[in-house]
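1. Got a predicted structure plus its sequence, pasted below:
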Amino acid sequence: MLDQGTLDHLWNFGDPAASEARFRAAMLEEIYDADERAELATQLGRAIGLQGRWEEADALLDGIDGDEPTVGVRVLLERGRILNAGGHPAMAVPLLEQAAELADHLGEEFLAVDALHMLSIADTAHAEAWMRSALEYASTARHERTKRWMIALHTSLGWFLHGNGRFTEALVEFQLAEQWAERLGTERQKLLAREAITECGKALAEGP
């Protein structure tokens, strides 16, 4: 199957239309086998979904052939994303839970963390528990690309705690996000972590 880095190279989350074009072009290249093209198709579906074309994205996922397990995980994950984005988070949760469980069973660490992170978004009643589960999972990952999730996860948990007035706990999460960003992240991630620390520090200084 495809290395996550290959998919990262094709993605531009700031421009899903351009990403759609890249995935469509990649699927025509002869260097990929049928299973790899199916995996690319799941990301094409995601790019289409990010543009709000949820029915089209769902139909594309329905049409993906094959029984390769990793492709199956990605189909579940992307279908869950589409349902959540389309205003049906409760319907997304069981699909995302299946994706997380199957990815864990297959040893697909990156996808397992991705699914747990999505569960923290879709299942708001248990958001903190899902974020902490994702952090625990990512902290023991073998691959650096998966460990990079620690930045986003600590940041997400920090803002969740901040939004609930738990500023001291939030500050710890933002500091951990900065530490991971310094180790594995981009300059933008480092900057965002520092800005979050500053904002949280102001909230703490202002007091209740």
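-> The structure has been received and is ready for your questions.
2. how about the helices in the protein?
-> Secondary structure of the chain (DSSP state H): helices at 4-10, 16-27, 34-50, 54-62, 69-85, 89-106, 109-122, 127-139, 144-147, 149-163, 167-184, 187-206.
3. I'd like these laid out as TSV, including mean pLDDT.
-> Below are those laid out as TSV (pLDDT from 0 to 100):
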stretch	mean pLDDT
helix 4-10	93
helix 16-27	97
helix 34-50	96
helix 54-62	96
helix 69-85	97
helix 89-106	98
helix 109-122	98
helix 127-139	97
helix 144-147	94
helix 149-163	97
helix 167-184	97
helix 187-206	94
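4. would you list those in CSV and tack on mean neighbour count?
-> C-beta: built from backbone N, CA, C; applies to glycine. Shown next, in CSV, are those (neighbours: other Cβ atoms under 10 Å):
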stretch, mean neighbour count
helix 4-10, 14
helix 16-27, 17
helix 34-50, 22
helix 54-62, 17
helix 69-85, 23
helix 89-106, 19
helix 109-122, 24
helix 127-139, 19
helix 144-147, 16
helix 149-163, 22
helix 167-184, 19
helix 187-206, 15
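5. can you tell me which residues contact the most centrally placed residue in the chain?
-> Centroid-nearest residue in the chain, with Cα atoms, centre = their mean: Asp114, separated by 4.0 Å. By Cβ atoms under 8 Å, 6 or more residues apart in numbering, Asp114 lies in contact with Leu77, Ala103, Trp149.
6. 6 Å - rerun?
-> Going by Cβ atoms under 6 Å, 6 or more residues apart in numbering, Asp114 touches no other residue.
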